[in-house]
Each structure stands twice: as structure tokens, then as C-alpha cells.
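Student: What follows is a predicted structure for the sequence shown.
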Protein chains: 2
Amino acid sequence: MPGAGVAAPTAGRPSSGAARQSSLREHNLAVISQAIFASPEPVSRAQLAAQTGMTRSTVSRLTEELIAARIVAEHHPTGGRPGRPAVPLTPARGSFAGLGLQVNVDYMAGRVMDLTGAILAEEYVEGDFESSDAAAVLARAADLARRLLERAGATGARVAQACLGLPGLVDAASGRLLLAPNLGWHEVRPAELMGADALPAGTALVVDNDANLAAYGLANTAPGRSAPSSTFIYVGGDIGVGAAIVAEGTVVLGKHGWAGEIGHMAIEPAGPQCHCGARGCLERYAGKHAVLEAAGLPLETSTAALAEAAASGYGAARAAVERAAWALGIALAGVVNLVDVDEVVLGAGYIPLVDLLRPGIEEQLRVRTLASPWMRVLLRGAPADPAPAATGGAMRALRTVIQQPAAWTGTFA
Amino acid sequence: MPGAGVAAPTAGRPSSGAARQSSLREHNLAVISQAIFASPEPVSRAQLAAQTGMTRSTVSRLTEELIAARIVAEHHPTGGRPGRPAVPLTPARGSFAGLGLQVNVDYMAGRVMDLTGAILAEEYVEGDFESSDAAAVLARAADLARRLLERAGATGARVAQACLGLPGLVDAASGRLLLAPNLGWHEVRPAELMGADALPAGTALVVDNDANLAAYGLANTAPGRSAPSSTFIYVGGDIGVGAAIVAEGTVVLGKHGWAGEIGHMAIEPAGPQCHCGARGCLERYAGKHAVLEAAGLPLETSTAALAEAAASGYGAARAAVERAAWALGIALAGVVNLVDVDEVVLGAGYIPLVDLLRPGIEEQLRVRTLASPWMRVLLRGAPADPAPAATGGAMRALRTVIQQPAAWTGTFA
């Protein structure tokens, strides 16, 4: 955050000198913390001083606080000699952790990650949660959370926050799930249904759309560190099709947190009937069940097996995947025309299908994107991850520690 | 801008004390200028001090500079007694001006506006610029600019910048028009074709998409002053259909400045052939020519006459408008699903048609927006304006004076 260093706390409101002092310390602690986490390499106190414009002694005092809080660690590259000259600073290992949880139509999963991005515990459970009972499924998710917290706790880590990703509309302000069409859930309060004892006292549960969390994970290479390419559209293909727009590392939420609902963009207004009540939605062409139905394959078929069938020349599978690509291309051309982003990341169930989907998507992008002669849209697959929203959720859960370190300095006291 | 008051200049880079001092002055001058322009009421020096956290004497010194530069004026509400107590400050009248220009398929127009929003000169010229010669049309636009500048100059005003709105893709960085399908223009440099003498030396020409400029105008009630409702999607219906997404007062540009190309979103992938090469684009259902063709009316028919025909029960006109509403509703549902904005402003040729378009658009929004049970999308018409991009362009052209006043303090010296 160059230039963000010594800014004064919010001016203009009357406040006592002491309050201002404390707010300035909190602000500067956050600046130093974020600078250390953002750096791809260990960073020295001198570099932090140069980068933030703070004095060496201020930087030293703040880093001591972060080290004592076990948010930051000193890195001893050669043998660990505790000498003064340029001891680099890195994220601390094994202290704070984030818990990411994900419930999807055919699985639930959880992942606990520490501040270095190391995975302390994870679990993936297959299931069938289509048109399921929210209370029963979320009680199982609470059990999953408890198992993961126990395993993470055994390593000495402390989970600062949990983030739950769900395939539907989540009201960002209240954490209430409004609608998850494929789960069949309607107006559900996950924090209540998981129970007050699912998480330790003081550990907040944040609920978000699963594509938003998956995209957050892809926009960062480690907790607090932006990926180099961080403006893109993420499209995850599961039973439903979810998406998120990421602009300069930030997931675009929209007014209520509902942005990115690509799955219900109209492909053919008179097309097949969708769960949501409308006709011809993208999900009915490019959702997993729609593709498998069109291919004449059982709904339990994995996308890897579908990809193999299509690639090996099974005509109906190939045609179904081509139809999905055509529909995805139409929807994505609309997105590119509308928000002018030139990178598309295909994730979740689309990953094994990227090469098969590419020609059809690129054809529609070429024909239907007005700017296509001047803009090549880069289409790539996300790294394989069985539960990308759990990964992104774990990273998002750590944001509170990295961005508001002053609130966490007493945790390991 | 509460809290933005006394922030130090960008820290971290070595610079002389003098340079820092000058940059701090420029920054603070901009803060005071923007605060005066943002206020819907005249504002006193004491209010500015409270709002920005600067001292009364700093505020007084800075406002004197802005008054001397004729960017700001003292407002004497009761008889003009030049007393000390609370003389309110307002934007200056008749000093700096912005020139907005717009070339569309069937007209060109220009408007010169001063810092108070008063119109100093304007002109609207009908024409037929479909598949036209860019050099010839832009030479006429240069003549229009000269006439307007002469008239504005006669009032004593000085045009600080000009903004030209065109119905197509504009490369924001270079000001080059890449493509305006309905004008038939391709890779055009308007500044060159208008000629070096179209604008006085030192007056820059900014080129932008016309919907972006129209939306900018709607997002502000006066130069430098945001409208209360400033998150919306603007859709302007001319021969083409242009749009812009405005988020908290800022027009979303996207990576290259091409965001908002709603006119080429696919409504029916196998639908009618579009100018752009694709099939079934929104423009082929909801563009002015497409609607008039479907209504069996001459292409010269005004949208007001079309609205009258449809309202008075001429079946073909009514059906054509209903088809446009259906297509607009499908496209807008896609936009709402994707970016989660709950206000749509219909402008340009749609203004006389708003009441006729409303039921069809609202029906599609209801059926196709996943969040529709929890979100009512407000649909309204823009205020009537024959050349909304010229209006928005004039306001945008004044931004440089309001946001960087230090660069303009010597103009009237």
C-alpha cells in the first residue's frame, strides 16, 4: 500500500488526543501487517519503512507488536542467527487460522488454513443435498466444523473466523440465505441452524455466495496477497452455474451482495424450463445435470468421466458439451460486453472440460463481443480444487486478522 | 469529502520540502473546491473547516485563492452586504465553462455550461449520419464547436475542456473511436479529424462513449455535485441501444472503457441479423429502426409519434413496442442478475415510451431476476434532453477545474 503510510486518522470529528493516538496506532499496525502479507518475499523493517513512509523506530515498534501477537514471524533464512541486520518478516505459521466451509448440491467440505496458507485440516464429504432439509444439512455442516476445529486446535492454532459458501443468494448484511434453488432452500439463517455451539465463542460465521468465495480464493495467492492477474470473471460449473466478477482483486458484490448470478441469464427465452421459474436459463444448458441429461448419461457421472466420453468420440456427450459451450459463450459475451473484462476463469466442474468447451466459447465470444477485434479474451481453467469456496472461505476468514490486527493482539497472550 | 482534509501528500517517495508544500496546497485546494461544489447549499468557511478538519485560517486562504481564480464566488443573499459573518460560497458564474459535443446517427449537438450548470450556448442539428464519412461529419462537428465557443466566449467565459460523445467503442486511453456500427465508422481519431484549430490552444478534447457521458450527466445534479440516487443502469435508446452502469456516482468503465455495451447482448441467438455480424442482438428488437420497421412505420417517425400510435391502439405499433419491452426486460434481467443494481433509467428515445415499455420490462424482470422476490427494480425515465451526452459531456469537461483547481488559478489573471 504505497503512500498509505502515515495518514492521520479521520479528521474533522472532535476526539480526545488519546483516542486519536489509539486509532493512529491501529491504522499503522494494519498498514504494516498488510504490507508484510502482500509481499511475495519476506520483507525487512527497512523496506517497510521505505514503503510506508514511517520511521524505522515506528516500524520496529509495530512489528514487535505483530510478532508478539503471533500474526507475523521473523524469518531466519541462514541457520537462524538472531542478528540485527535485515531479519526478514513473514506471515506467522500455525497461530491464527481461518475456517472455510462449503455446502453444495452433491458434497460438503471444510478447510482450515493458517496465515501462511498452510492447510491445517480439511475434509470432503459426498452427499445428495438436492431439495434437502436445510436444518439437517446444516447440522451436519456444524459437525464437520467441530471436527475440523478440533483437529486444527490440536495443532495449537486458533480459528479467528469461519466463512460458509452456499450456492445461492446470500444477503450480505444479515448473513441470511435467501434462495438456493438447487438445494431447495428458501430464507434460511445458517448461523442459527448450525447452532450456537458449532463455533467457539467469539468466532464469527460469515455466509457468502460460493462463487464469490471461490473467486476470492483465486484472486489471492495466499492470505492477504493478491494474485498478479486479479481482474477476471470466474464461472464455476456445478449442478448450478455460479459466477463472480473480480475487479483489481476485489469481488464485485453489487448493491446487496447478489452480483454474479450468471446461471439465470437467458440463452433462449423460449428454451427449457428452469428450477427458478423462467425458461432458457444458462443453467439448463451448462449446468452439470443439464449436460448429463443431454448426453444421455446417468446424473451421477463425474465431469471427468463426461469429459472422457466426449473426448473419446461418444457423439451425444460431445454434442451436449458443445451445446454447453455455445450457451456459455453467449452468456460470457454478454458479460464481456457489459463489464469489459478480458479474462475468464472456468472452475469447479468445468475444469476437466476446459479444452472441450474452449472452441465453442471462443466462437461466441468472437462473434458476439463488440470489441472482439481489439480484445482477446483469455480463457483458462482454475487450478483443480474439490471445494474452491472452502479454500476461498478460509482465506477470507483470515482477512480480519491481517486487516485489523489490533483486534487480535491479545489472542495468544 | 469528510475526513479527507489534512491528509499528507503521498509519502514514501523522496521529495524536497518545497515540492511537498506545493503538493499539499494543491491537494487542499482541491478538497475545498470539491466540498463547495458538492454542497447543494451555499457553504460557509466555518462549515468547510468543520467538514475538512482544516483550520479556519487555512480554509480562508484557500477560498481566497479559489475566488481570485473565479472558480468560486461569494454569495450575498441579503442585499450583498460584504460583512464578515458567514458569507456563503458557491460555484462561480460565467467564468469557466465545459463544452459537450455529441454526434449520433440522426443529429449532432453541443452545449456549453458554466460551473453553476447554467447553459451559455447550445445547438442541435438534425442530420443523417448513418454509414457516413467520419472526416466530413467531424468537420461539421468542428464548425459546431467553433460556433458554440464563439458564443460562449462573447459572454466572457473560458472553455476549459471539451468532451465528445460517440455511439460506439472508444479507447479511453487514446481517445480513438474503434467502432461505431450505426455511423459506419471504424478506427477514427476524432481529435485529428476535427482539426487542430477546432478548439483553442490548451483546450483538451476528451472522447467517450455517448451513454457513458449521458449517464455521467444523470449521476450529477450540477457540475461536481452527485445526484442523491447515484447507483443505476442507464439505457439510452437511439438507432443503437447504449448503456452505462453507474455505481455510487461513478460510471463503470471496465478494463478499456468499453463497459455497458448492452445493445449487442443476445436476446435470441438465432434471431434477426445485426449490423455487428451477430444475430438476435437487443438492438434488433429495441433499437429505434428495428421498432419502427416492426411497426410498419417510416424510419423518420419520431419516438413521440411512435408512442402516440402505440397508445392510441394502432396494433402493429403496440406489438412492436411490446416486443422491444420484452427484449429490454430480458437484457435488463441479465444485467441485474450480473451486477445487482436495482434502479434502471431509460433515456434518449425511450423517454416518450417509458409507460408503454414498463409492463413488459417489469414482467421479464420479475420472472428472470433470481432476486426478484427480495428486490424491486425501480424503472424510471430520464428527464427529457435532446442531447444527453452533450449535457453530460459539458459537466464532465468541468471536472478538471473542480478537481484540479490549482491547474486553473492563473486563467483569468
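Tutor: That came through, no problem. Because the structure is predicted, anything quoted here is derived from the model rather than measured.

Student: secondary structure element for the residue of the stretch 151-300 of chain A found nearest chain B?
Tutor: Ranking the residues of the stretch 151-300 of chain A by distance to chain B (Cβ to the nearest Cβ) places residue A:254 first, at 2.3 Å. Backbone N, C-alpha and C define where each C-beta goes, glycine included. Residue A:254 belongs to no helix or strand when assigned by DSSP states H and E.

Student: Show the contacting residues for the nearest residue to it once chain neighbours are set aside.
Tutor: Of all residues not flanking residue A:254 in the chain, residue B:340 sits nearest, at 2.3 Å (Cβ to Cβ, 6 or more residues apart in numbering or on different chains). By Cβ atoms under 8 Å, 6 or more residues apart in numbering or on different chains, the contact list for residue B:340 reads A:253, A:254, A:255, A:256, A:257, A:258, A:259, A:261, B:371.

Student: And residue B:340, what's its pLDDT?
Tutor: On pLDDT, residue B:340 comes in at 96.

Student: From residue B:381, how far off is it?
Tutor: Residue B:340 sits 22 Å away from residue B:381 when distances are taken as Cβ to Cβ, to the nearest Å.

Student: now do residue A:362
Tutor: If you go by Cβ to Cβ, the gap between residue A:362 and residue B:381 works out to 39 Å.

Student: With residue A:93 instead?
Tutor: Counting by Cβ to Cβ - residue A:93 and residue B:381 are separated by 59 Å.

Student: Tell me which of these two has more neighbours.
Tutor: Between residue A:93 and residue B:381, residue B:381 has the larger neighbour count (other Cβ atoms under 10 Å in any protein chain shown), namely 16 against 13.

Student: Just confirm that one contacts residue B:348, I think it does.
Tutor: No: look at residue B:381 against residue B:348 with Cβ atoms under 8 Å: they stay out of range, at 10.2 Å.

Student: What residues does residue A:336 make contact with?
Tutor: Counting by Cβ under 8 Å, 6+ apart, residue A:336 touches A:233, A:342, A:365, A:369, A:371, A:375, A:377.

Student: In those, which residue is surrounded by the most others?
Tutor: Highest count within the contacts of residue A:336 by other Cβ under 10 Å belongs to residue A:369, 27 neighbours.

Student: low-confidence ranges in the stretch 51-200 of chain A?
Tutor: A:77-85 (pLDDT under 70).

Student: So which residues on it come close to chain B?
Tutor: For the stretch 51-200 of chain A, the residues in contact with chain B (Cβ under 8 Å from any Cβ of the partner chain) are A:51, A:52, A:53, A:169, A:171, A:178, A:179, A:181.

Student: Setting aside sequence neighbours, what's the nearest residue to the fourth one?
Tutor: Spatial nearest neighbour of residue A:169, chain neighbours left out: residue A:178 (4.4 Å); criterion: Cβ to Cβ, 6+ apart.

Student: so who does the one you found touch?
Tutor: A:168, A:169, A:170, A:171, A:186, A:187, B:371, B:373, B:374.

Student: which residues in the stretch 201-350 of chain A form helices?
Tutor: Along the stretch 201-350 of chain A, counting by DSSP state H, counting those that start in this stretch, helices occupy A:210-218, A:283-286, A:288-295, A:303-311, A:315-339.

Student: can you count the residues close to residue A:183?
Tutor: When neighbours are counted by other Cβ under 10 Å, residue A:183 comes out with 24.

Student: should've said residue A:384
Tutor: Close neighbours of residue A:384, defined as other Cβ under 10 Å, add up to 10.

Student: In the stretch 51-200 of chain A, what residue comes closest to chain B?
Tutor: Scanning the stretch 51-200 of chain A for proximity to chain B using Cβ to the nearest Cβ identifies residue A:53 as nearest, at 2.9 Å.

Student: Quick check: phi and psi on that residue?
Tutor: phi 80, psi 10 (degrees, to the nearest 10).

Student: How many residues are close by it?
Tutor: Neighbours of residue A:53 using other Cβ under 10 Å come to 19.
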